[in-house]
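Chemist: here's a sequence, model it:
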Amino acid sequence: MQKSDYKNMWVYIEHDGQTAAPVGLELCCELRKLCDVTGDRLFAVILDKLPDAEVEKVKDCGIDGIIQVNGTGYEYFNTDAWANAFTVLSRKYNPSAIFVGGTINGRDFAPRFAVQLDTGCTSDAMELAYDPETGDIQFIEPAVGGKIMAVITVPVKRPQVGTIRPGTFKYAPTGRKTEIETIEEEINFDPEAIRCRRVGFIPDESDPELDIANADCVVCVGNGLKDSEHLERYRRLARLLGGKIGCTRPLYDRGILPYKLQIGQSGVMVKTKLYLSFGVSGAVNHTAGVDADVFIAVDKNPDAQIFNYCDYGIVGDMDEVCDELIARLSARKE
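Modeler: Numbering: from 1, shown residues only. Down below sits the predicted model:
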């Protein structure tokens, strides 16, 4: 088959049986724009039952159709049944591209079915583009430790498969189509052939302070922090601003803050009204994870890369600037 024989784009809608994961909705909104350029139709792929109210949310993202898969083997997530389902579907309908949220589950099964289809799988793209001359999707992501942005394509094989980190794109429903096609497929996978077993499930304890993805204000502390004893002033600043604290990877590596507060390509993607960074160098793999209405950076190095990305830059000692901001904000509250 030629590349031109493959049509339409698919988005996998991950869910827990009750709620659709935000990343699937985000991808549908973004891929709607891409399909409008390529002329492809956009299909949401749902494995096992999802409540009608959640399906309605998916429809509001401008999809052209839904592929609903039912059958055996989907009682709990497992790579074997999920990879098999996408392999069977792809061989039947020949999509041009398939997009999967870069969650723990998505990263697990997407490369598996890509291998079964003898095609490529790109992981953790931060941007998507289309080359009209080749018909290829360009997956753009940081590389070489965040020093460059790499453009990755699947120039020969189809479908083009990619995993996208949650929060990369905005959930901005464009409205539903007048007509939405529904395709029902029964794909059974023998439960005895599943090579893993769920022996129990304990949900993560939810700590609201660790949920920074959509905080109105984020105070991010970088490797310029001297030690953990100096961290409290930044926590105080975040509280005064009604925001939350975050960090870059070095602070997580040093054991100062937990992984869930790490911002960037290998951590959390944040969308916020106000973003203040202190002692952050500005590597691409960090800044690519920041979407802010106002971005303020503080660093003692006037040549720091972070100043290429911020709206306002302050050259100075991060602790002194933080203390001055605390003093001014505290005075306004008195």
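Chemist: list the buried ones in stretch 99-119?
Modeler: For stretch 99-119, burial by neighbour count (16 or more other Cβ atoms under 10 Å) applies to 99-103, 105-114, 117, 119. Just so you know, the C-beta spots here come from the backbone N, C-alpha and C atoms, and that holds for glycine as well.
Chemist: filter those residues down to just the ones in strands.
Modeler: The members of the buried residues of stretch 99-119 that map onto strands under DSSP state E are 99-101.
Chemist: mind putting those in JSON lines, distance to Tyr12 and pLDDT included?
Modeler: Listed next are these as JSON lines, based on distance: Cβ to Cβ, whole Å; pLDDT from 0 to 100:
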{"residue": "Phe99", "distance to Tyr12": "7", "pLDDT": "97"}
{"residue": "Val100", "distance to Tyr12": "5", "pLDDT": "97"}
{"residue": "Gly101", "distance to Tyr12": "7", "pLDDT": "94"}
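Chemist: where do the helices sit along the stretch 201-334 of the chain?
Modeler: Secondary structure of the stretch 201-334 of the chain by DSSP state H, counting those that start in this stretch: the helices cover 232-240, 249-253, 284-287, 318-333.
Chemist: out of those helices, flag the one nearest Thr174.
Modeler: Among these, helix 284-287 comes nearest to Thr174, with 27.3 Å by Cβ to Cβ.
Chemist: pull the closest one out as PDB, backbone CA atoms only.
Modeler: C-alpha atoms of helix 284-287 as PDB (Å, rounded to 0.1, in the frame of the first residue of the first chain):
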ATOM      1  CA  VAL A 284      14.100  23.900  26.500                       C
ATOM      2  CA  ASN A 285      12.900  20.700  28.200                       C
ATOM      3  CA  HIS A 286      11.700  22.900  31.100                       C
ATOM      4  CA  THR A 287      10.300  25.900  29.300                       C
END
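Chemist: thinking again about what came up before, next step: the buried residues of stretch 99-119 restricted to helices.
Modeler: Per DSSP state H, helices hold the following members of these: 105-114.
Chemist: quick check: the two most widely separated of the residues you listed?
Modeler: Using Cβ to Cβ, these span at most 15.0 Å, a distance reached by Asn105 and Ala114.
Chemist: re the thing from before, right, so the helices of the stretch 201-334 of the chain: which one is the most enclosed?
Modeler: Of all those, helix 284-287 has the most neighbours on average by mean count of other Cβ atoms under 10 Å, namely a mean of 24.
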